[in-house]
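> Pasting the sequence and the predicted coordinates here, then a few questions.
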Amino acid sequence: MRRTEIQKVAAVVAAATTLFMTANTLHGAYAHSALAGSGATIKTADKYQTALQLYPKFPSADQKVTLHFTVLDRNNSNVNGVYAAMVMKEKESGKIEAQVPYRFYELGDVSMDYKFHDNEDHVATLFTRVIGDPKYQANPLVADFEIPVGQITTISPGELLIQVVPFTMALVGGLVLLFKKKNWGPQG
């Protein structure tokens, strides 16, 4: 291959990689209207839903993880004005590893960073006091979420397709364009 052809192939690969990374980032985006299909774990109590999404989705020991909790009302709208606290326990032993004190959040979106110390299953418990709700302002809404840490994970066929298809299509499309251009251009 000539140098210009190598540069064109490199440009196509770079474009495909960029498209893949963008598609992968968009796939992990958070949206309330799609909680059920977003990979979030959802707990329901009375007229509230509490959801947890992990970033990254599959945590392991010594890795910084963001726990993103969302508290929604029965209309799937953010709850306004909450105080939230969290307790992290090792699932099997029940040993408390961390306690995050109550803090005020204007909306029901609560993000906390955490670093797991070992590859054991954990339970994150979110305590939420909802301002203006007589029941849950006095006594917190409690939601437990099991978190497998360091477990070997499998990817579903749907997740695989979402990640691989855009990259493959961009790569194949770019190579087809490159070679069509080569065959249609001036012969030299």
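Structure received.
> all contacts plus neighbour counts: C-alpha atoms, from now on.
Fine.
> low pLDDT regions in this structure?
1-7, 9-39, 151-156, 182, 184-188 (pLDDT under 70).
> can you point me to the longest helix in it?
Scanning the chain for the helix with the most residues, using DSSP state H, yields helix 157-184.
> which other helices and strands contact that one?
Applying 3 or more Cα pairs under 8 Å, 6 or more residues apart in numbering; DSSP states H and E, one finds that helix 157-184 contacts helix 3-27.
> Can I get the helix or strand just after the helix it packs on in PDB? Just the C-alpha atoms.
Once helix 3-27 ends, the next helix or strand along the chain (criterion: DSSP states H and E) is strand 41-45. Provided in PDB are the C-alpha atoms of strand 41-45 (Å, rounded to 0.1, in the frame of the first residue of the first chain):
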ATOM      1  CA  THR A  41     -32.000  -1.600  39.900                       C
ATOM      2  CA  ILE A  42     -35.400  -0.200  41.000                       C
ATOM      3  CA  LYS A  43     -37.100  -0.600  44.400                       C
ATOM      4  CA  THR A  44     -40.600   0.500  45.000                       C
ATOM      5  CA  ALA A  45     -42.100   1.600  48.300                       C
END
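> and strand 41-45, how far from the chain's centre?
Centroid separation for strand 41-45 versus its chain: 17 Å, with Cα atoms, centre = their mean, to the nearest Å.
> Can you mark which positions in that strand are buried?
For strand 41-45, burial by neighbour count (16 or more other Cα atoms under 10 Å) applies to 41-42.
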